[in-house]
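K.L.:
3D, please:
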Amino acid sequence: MLKTNLWTAIITPFDVSGKIDFKSFERLLRRQEQNQNGVVLLGSTGEGMALTRSEKESVVNFAASLHLKVPCIAGVPGHGLEEVLDWVHFAKSSGIQGFLAVSPYYSKPGVKGQTEWFRKILDAASLPVMLYNVPSRTGSRLSPQVLVDLQHHSNLWALKESSGSVDSFLEYQRSNPKISLFCGDDGLMPEFAKVGAVGLVSVASNVWPEATRKVVEYSLAIKASAFADLWRECTDTLFLASNPIPTKWLHHHLGEIPTTLLRPPLDSADLTDPSRVERAHQKIKNWLKERGTL
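P.N.:
So this is what the prediction gives:
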């Protein structure tokens with residue numbers, strides 16, 4: 001399967017006219033490549049649900065055209081099976097290496113509905129698929145029974161667990177001991193590594209790719225206790241407003257993207273105290289300097 005322990009759920013930058021800024025996008029992708037971080041396209045951080053189908057196709061095709069030396073997977077939308085399967089068929093022909101498939105949102109299906117939903121995605125994918133449990137966004141929890149029922153499917157590769165609960169993580173682990181379990185909450189990586197997380201799917205690595213790489217490596221070596229509180233404090237600032245509002249603000253503040261534009265209903269004005277994000281950035285820079293990275 002796909003071998004990296006850090007995946008960056010990458011933003012989609014826009015220019016002043018509101019169009020996708022592919023020049024900035026390439027710089028962001030190359031920086032992830034430089035740090036050996038895998039890339040997740042068109043997740044919630046990438047505003048995948050707010051883009052048009054043609055825009056999403058252009059994002060996937062552009063990323064694939066760069067022939068990055070790190071794996072690149074695409075988010076799968078979570079509503080409307082026909083649309084979802086059509087997207088999977090397109091994306092797998094583009095040259096990406098896998099998918100991140102979120103639980104169906106709004107409809108709140110039960111075990112049978114979830115199982116058959118993911119089975120159809122896995123059947124169509126022909127590539128490794130990471131399932132994604134994020135009940136705060138979808139409105140329902142991925143049933144552990146789904147991992148039991150689909151445990152022998154050749155395309156089932158991993159689970160991104162973003163409920164924030166160690167108990168939930170352990171329940172998924174018991175349900176399918178062979179699946180690769182990734183932490184989906186930046187601040188919890190040191191804690192989740194202690195109970196078997198193999199890596200992190202990260203928002204923070206957009207703006208702090210070097211630091212996040214170190215945090216993952218230290219966490220997996222169970223050597224993160226000394227800075228776990230600092231890490232959680234800093235990464236929490238990236239969620240002071242709906243993701244990716246603070247992350248885009250910091251990218252723009254650092255001169256890495258030309259605007260803080262987001263697609264409605266997100267708005268950068270909802271980040272009311274960006275100074276907290278700026279202070280967190282300085283703390284991360286100081287932490288890296290202490291380790292001789294900068």
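K.L.:
would you tell me which helix is longest in this structure?
P.N.:
Using DSSP state H, we find that the single longest helix of the chain is helix 274-290.
K.L.:
who does that one touch, helix- and strand-wise?
P.N.:
With contacts taken as 3 or more CB pairs under 8 Å, 6 or more residues apart in numbering; DSSP states H and E, helix 274-290 sits against helix 209-220, helix 228-236, helix 245-253. All C-beta spots, glycine's among them, are computed from the backbone N, C-alpha and C.
K.L.:
avg pLDDT for that helix?
P.N.:
Mean pLDDT, helix 274-290: 96.
K.L.:
just read off the phi/psi values of the closest residue to Met49 other than its chain neighbours.
P.N.:
Distance criterion CB to CB, 6 or more residues apart in numbering; nearest residue to Met49, sequence neighbours excluded, is Pro77 at 6.2 Å. Phi and psi for Pro77, reported as degrees, to the nearest 10, are phi -60, psi 160.
K.L.:
would you mark the buried spots in stretch 66-77?
P.N.:
By 16 or more other CB atoms under 10 Å, the buried positions in stretch 66-77 come out as Leu68, Val70, Pro71, Cys72, Ile73, Ala74, Gly75, Val76, Pro77.
K.L.:
coming back round to it: now mean neighbour count, mean pLDDT and distance to Glu47 too, for the helices and strands packed on helix 274-290, in JSON lines please.
P.N.:
Converted to JSON lines, the helices and strands packed on helix 274-290 look like this (neighbours: other CB atoms under 10 Å; pLDDT from 0 to 100; distance: least, CB to CB, whole Å):
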{"stretch": "helix 209-220", "mean neighbour count": "22", "mean pLDDT": "97", "distance to Glu47": "20"}
{"stretch": "helix 228-236", "mean neighbour count": "18", "mean pLDDT": "97", "distance to Glu47": "20"}
{"stretch": "helix 245-253", "mean neighbour count": "22", "mean pLDDT": "98", "distance to Glu47": "9"}
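K.L.:
circling back: just the buried residues of stretch 66-77: which are in strands?
P.N.:
Under the assignment DSSP state E, the buried residues of stretch 66-77 contribute Cys72, Ile73, Ala74, Gly75, Val76 to strands.
K.L.:
which among the residues you listed gets closest to Leu262?
P.N.:
For those, the residue nearest Leu262 by CB to CB is Gly75; the value is 16.5 Å.
K.L.:
contacts only, for the closest one.
P.N.:
For Gly75, the contact set (CB atoms under 8 Å, 6 or more residues apart in numbering) comprises Val40, Leu41, Leu42, Gly43, Ser44, Gly46, Gly48, Phe99, Leu100, Val102.
K.L.:
and the gap between it and Ser242?
P.N.:
17 Å (CB to CB, to the nearest Å).
K.L.:
could I get the helices and strands packed on helix 274-290 as CSV with distance to Ser140?
P.N.:
Shown next, in CSV, are the helices and strands packed on helix 274-290 (distance: least, CB to CB, whole Å):
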stretch, distance to Ser140
helix 209-220, 29
helix 228-236, 25
helix 245-253, 25
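K.L.:
for Leu170, which of these is the nearest?
P.N.:
Between Leu170 and the helices and strands packed on helix 274-290, the tightest spacing by CB to CB is seen for helix 209-220, at 16.8 Å.
K.L.:
pull the distance from the closest one to the chain's centre.
P.N.:
For helix 209-220, the separation from the chain centroid amounts to 15 Å (computed by CA atoms, centre = their mean, to the nearest Å).
K.L.:
got the angle between it and helix 274-290?
P.N.:
Counting by axes from the mean of the first three to the mean of the last three CA atoms, to 10 degrees, helix 209-220 lies at 70 degrees to helix 274-290.
K.L.:
next, the angle from helix 209-220 to helix 228-236.
P.N.:
Using the same axes, to 10 degrees: helix 209-220 against helix 228-236 is 140 degrees.
K.L.:
helix 209-220 packs against which elements?
P.N.:
strand 6-9, helix 22-34, helix 189-193, strand 199-202, helix 274-290.
K.L.:
try 6 Å this time
P.N.:
Here helix 209-220 touches helix 189-193, going by 3 or more CB pairs under 6 Å, 6 or more residues apart in numbering; DSSP states H and E.
K.L.:
what's the helix it packs on packed up against?
P.N.:
Using 3+ CB pairs under 6 Å, 6+ apart, the elements in contact with helix 189-193 are helix 209-220.
K.L.:
turn the buried residues of stretch 66-77 into CSV, including distance to Phe90.
P.N.:
Formatted as CSV, the buried residues of stretch 66-77 follow (distance: CB to CB, whole Å):
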residue, distance to Phe90
Leu68, 19
Val70, 22
Pro71, 19
Cys72, 15
Ile73, 14
Ala74, 9
Gly75, 13
Val76, 11
Pro77, 12
